[in-house]
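1. Sequence below, structure please.
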Amino acid sequence: MSSLSRKSRFISVEVTLKTNHGCDAFVAWFEAQGHFVHRLASKTHRWHVYFDPTPCSDANLTILRLCETISHAPPHVMKEWAEAEVREFFAGYEVGDARPFYVEHFALEALTAVADLKAGIGIAFYPAELTDERGISARIL
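-> Sure, this is the predicted structure:
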């Protein structure tokens, strides 16, 4: 009989903007870099724009890379970034019952880069998928 557990893991970092201003330049610039950008009407703002690029090994490195990219965006893109009422790097994790549950460290460099962009960091925890000791999903057992 196999033992089932839920292992924790970092999933991705989503870049999120909520704005009552234009966002065409921001969307077009990131789409030109190969990202699929979602732009939806929002209940609280005119637009909710988000995309989740291929992550690095952890949220800290992913956020650092994204801040570097955004900080080098053209002025018309940075104008839309600055006009957004909400600018956030939203880190997602699956959290299970296998210890350690999950450990993430945000370096001062990442926090400073986020602050320089006048953005925040959000964190979401999702239930991890049940797997056996071989990492096989309980859905296919």
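
2. in the protein, which ranges drop under the pLDDT threshold?
-> 1-5, 98, 100, 130-141 (pLDDT under 70).

3. for stretch 25-37, which positions count as buried?
-> 25-27, 29-30, 35, 37 (16 or more other C-beta atoms under 10 Å). Backbone N, C-alpha and C define where each C-beta goes, glycine included.

4. Out of these, which two sit at the greatest distance?
-> Within these, Ala25 and His35 form the most distant pair, 14.1 Å apart (C-beta to C-beta).

5. Relative to Ala124, how far out is Asp24?
-> 28 Å (C-beta to C-beta, to the nearest Å).

6. From the contact counts, what lies against the lengthiest helix in the chain?
-> Counting residues, the longest helix in the chain under DSSP state H turns out to be helix 59-71. Contacts defined by 3 or more C-beta pairs under 8 Å, 6 or more residues apart in numbering; DSSP states H and E place helix 59-71 against strand 9-19, strand 86-95, helix 108-116.

7. so Val37 makes contact with Ala25?
-> No: using C-beta atoms under 8 Å, Val37 makes no contact with Ala25, being 11.6 Å away.

8. Redo the buried residues of stretch 25-37 as TSV? Include secondary structure and distance to Glu83.
-> TSV is the format used below for the buried residues of stretch 25-37 (DSSP: H, G, I helix; E, B strand; the rest coil; distance: C-beta to C-beta, whole Å):
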residue	secondary structure	distance to Glu83
Ala25	helix	11
Phe26	helix	10
Val27	helix	14
Trp29	helix	15
Phe30	helix	16
His35	coil	20
Val37	coil	17
